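Novice: fold the following and give me the result.
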Amino acid sequence: MKGYLLNGRFVAGAEFTIDPSEPFFAHGYGLFETVRVAAKKPLFLNPHMARMVSTASNLGMDCPFDAAKLRAWIDELIKKTGVDNARLKFMLLAKNDGSSDVLITVEQVDPLPSKFPAIAVGRAAPEFQGRSMAGFKTMNYMVNRLAEAEGRKRGLDEVYFALDEGWISEGTRSTLFFVKDDVLHTPSLDLPILPGVTRLVVLHLAKRAGFAVREGHYVSGDFQSADEAFLLGSFSLFRPIQTFDGQPLAVAPGPVTQSLILGYLELAAGKAELPEGSERALLG
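Specialist: Take a look at the predicted model:
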């Protein structure tokens, strides 16, 4: 069955009536989170909800749900539509009266992949650098989508954004990682970067596996000279990097990437758990 939930009410079908004067449509004034559903289970839902609540508070948006209510709504939509593996989106849509609608949609997709093809990555064109509000998951992703499309015309699978100093921040919908001498590196959150949920999951997995982890400021040369590197997203998951700014990397995926992929898939399938305590509660 097709349908969506609007403010907790199930609507069958796929039609959604929009008032074009509402801020979420007229100005992109809204937030969204994309969650992968595997075997009817939304993966790592807690931090996605926490990120939306935090962003709404920072932007002064009405957020008419708590974690228990939103989780119940999502469970209801999965049950009513019968999806098992899906792309789930929940959105906070600002309205003229200062309130917000909560829209939840699901789309059936293929199960979690076991193999991740290697890709080419390069810097986004200059006109797409200097994005505003890069650290917030707002609905206005036009710059990101245009930057990605322009990169594909140059034969790139993904592009990254960088500051004037050359420090790399993130991809259009991904976090960047590289490995050098068995140390896992990723740009730090003091840069204009979205605090990715799957980024958090993988950092926990890396530490649990005994890898040293460093968050810092990195330039293109750090990735070009890396032993291995990959991109990471909540839905695309792992994307091993084959070339970075035209420079081939030695191996894609490398052994550390492969270890993290295995750890993630076991965690997502319920075959492994994080330790009891705050980490497990955060990622549940």
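Novice: residue 233: what's it in contact with?
Specialist: 171, 173-175, 196, 198, 239 (CB atoms under 8 Å, 6 or more residues apart in numbering). All C-beta spots, glycine's among them, are computed from the backbone N, C-alpha and C.
Novice: which of the residues you listed has the most neighbours?
Specialist: Among these, the one with the most neighbours (other CB atoms under 10 Å) is residue 174, at 27 neighbours.
Novice: tell me the contacts of that one?
Specialist: By CB under 8 Å, 6+ apart, residue 174 lies in contact with 158, 196, 231-233, 236, 239.
Novice: coming back round to it: and of the contacts of residue 233, the nearest to residue 37?
Specialist: residue 198 (14.2 Å; CB to CB).
Novice: what number of residues lie near the closest residue to that closest one other than its chain neighbours?
Specialist: Nearest residue to residue 198 in three dimensions, chain neighbours excluded: residue 234, at 4.7 Å (CB to CB, 6 or more residues apart in numbering). Residues near residue 234, counting by other CB under 10 Å, number 22.
Novice: what do you get for residue 3?
Specialist: When counting by other CB under 10 Å, one arrives at 16 neighbours for residue 3.
Novice: give me the pLDDT value at it.
Specialist: Reading off the confidence values, residue 3 has pLDDT 92.
Novice: so it is in contact with residue 10, correct?
Specialist: Yes: with contacts counted by CB atoms under 8 Å, residue 3 reaches residue 10, the gap being 5.8 Å.
Novice: mutual contacts of these two, please.
Specialist: In terms of CB under 8 Å, 6+ apart, residue 3 and residue 10 are both contacted by the residues 77, 80.
Novice: do you know how far the residue of the chain most remote from its centre is from residue 213?
Specialist: Ranked by distance from the centre of the chain (CA atoms, centre = their mean), the top residue is residue 97, with 30.1 Å. Distance of residue 97 to residue 213, computed by CB to CB, to the nearest Å: 45 Å.
Novice: same deal with residue 203?
Specialist: Counting by CB to CB, the gap from residue 203 to residue 213 is 6 Å.
Novice: who touches both of these two?
Specialist: Taking CB under 8 Å, 6+ apart as the contact rule, residue 203 and residue 213 both touch 184, 186.
Novice: who has more neighbours out of those two?
Specialist: Neighbours were counted for residue 203 and for residue 213 using other CB under 10 Å; residue 203 has more, 19 against 14.
Novice: check contacts around the more buried one.
Specialist: Contacts for residue 203 were tallied using CB under 8 Å, 6+ apart; they are 184, 186, 213.
Novice: how is the first one assigned, secondary-structure-wise?
Specialist: The three-state label for residue 184, taken from DSSP: H, G, I helix; E, B strand; the rest coil, comes out as strand.
Novice: that one and residue 232, how far apart?
Specialist: According to CB to CB, residue 184 and residue 232 sit 11 Å apart.
Novice: what touches both of those two?
Specialist: residue 177.
Novice: just give me the neighbour total for residue 265.
Specialist: Using other CB under 10 Å, residue 265 is surrounded by 17 other residues.
Novice: what helices and strands are in contact with the helix or strand that contains residue 32?
Specialist: In this structure, residue 32 is located in strand 30-38 according to DSSP states H and E. Strand 30-38 sits against helix 45-59, strand 86-94, with contacts defined as 3 or more CB pairs under 8 Å, 6 or more residues apart in numbering; DSSP states H and E.
Novice: which residues touch it?
Specialist: Strand 30-38 is contacted from outside by 23-24, 42-45, 48-49, 51-52, 55-56, 59, 61, 78, 83-94, 100, 106, 111-112, 136-139, 234-235, 237, 268-269, using CB under 8 Å, 6+ apart.
Novice: ok so, going back, for the residue nearest to residue 198, phi and psi?
Specialist: phi -60, psi -30 (degrees, to the nearest 10).
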